[in-house]
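[1] 3D model of this:
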Amino acid sequence: QRCDEDAEAAIAMQALANLVSPLSKCGDQTRAEFLRDGGLDILQERFAQYVTAPAVAEVCCRAIANLAQSAACSRRMAELGTIKTLMEAIQAHTDAALLQGDACRAIVNLSQDGFAKKHIN
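    Predicted coordinates for the structure are as follows:
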């Protein structure tokens, strides 16, 4: 929450992406706790803040894609405007292949929830 430098924010977002990964043994529980504790609000705030920094935006997209494995997280991210910020990241970084891939994976995962899908369309 207190990352003020791009490098610090990128490291924090990568750690988050790893914690909530579907490959993580405790990924489901960590996603639920992150939602419960208001982490998605902070994530969206930081994602919007660093959307122009490709290194940070890339790992934010990765974390969002992993969090979107949870329907409840997908709904909350749709409410917070995370989908709009994902689109801004895609448009701002057309030459960043990894960011584009993670952002598309996030959109696909978000679209698995009906409420979030309405925000995508």
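[2] Can you say which helix or strand has the spatially most central residue of the chain in it?
    With distances taken as CA atoms, centre = their mean, Ile64 lies nearest the centre of the chain, 2.0 Å away. In the assignment (DSSP states H and E), Ile64 maps to helix 54-67.
[3] after that helix, next one along is what?
    helix 71-80.
[4] helix or strand right after that next one?
    Toward the C-terminus from helix 71-80 - assigned by DSSP H and E - lies helix 82-92.
[5] Packing partners of that next one?
    helix 39-50, helix 54-67, helix 97-110, helix 114-120 (3 or more CB pairs under 8 Å, 6 or more residues apart in numbering; DSSP states H and E). The C-beta positions use only the backbone N, C-alpha and C, and glycine is treated the same way.
[6] can you redo those as CSV with mean pLDDT?
    Below are the helices and strands packed on helix 82-92 laid out as CSV (pLDDT from 0 to 100):
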stretch, mean pLDDT
helix 39-50, 95
helix 54-67, 96
helix 97-110, 96
helix 114-120, 91
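[7] And the ones you listed: which comes nearest Ala10?
    Closest to Ala10 of the helices and strands packed on helix 82-92 is helix 54-67 (CB to CB; 4.8 Å).
[8] hmm, back to that, rebuild the helices and strands packed on helix 82-92 as CSV, extending it with distance to Ser21.
    Shown next, in CSV, are the helices and strands packed on helix 82-92 (distance: least, CB to CB, whole Å):
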stretch, distance to Ser21
helix 39-50, 15
helix 54-67, 5
helix 97-110, 12
helix 114-120, 19
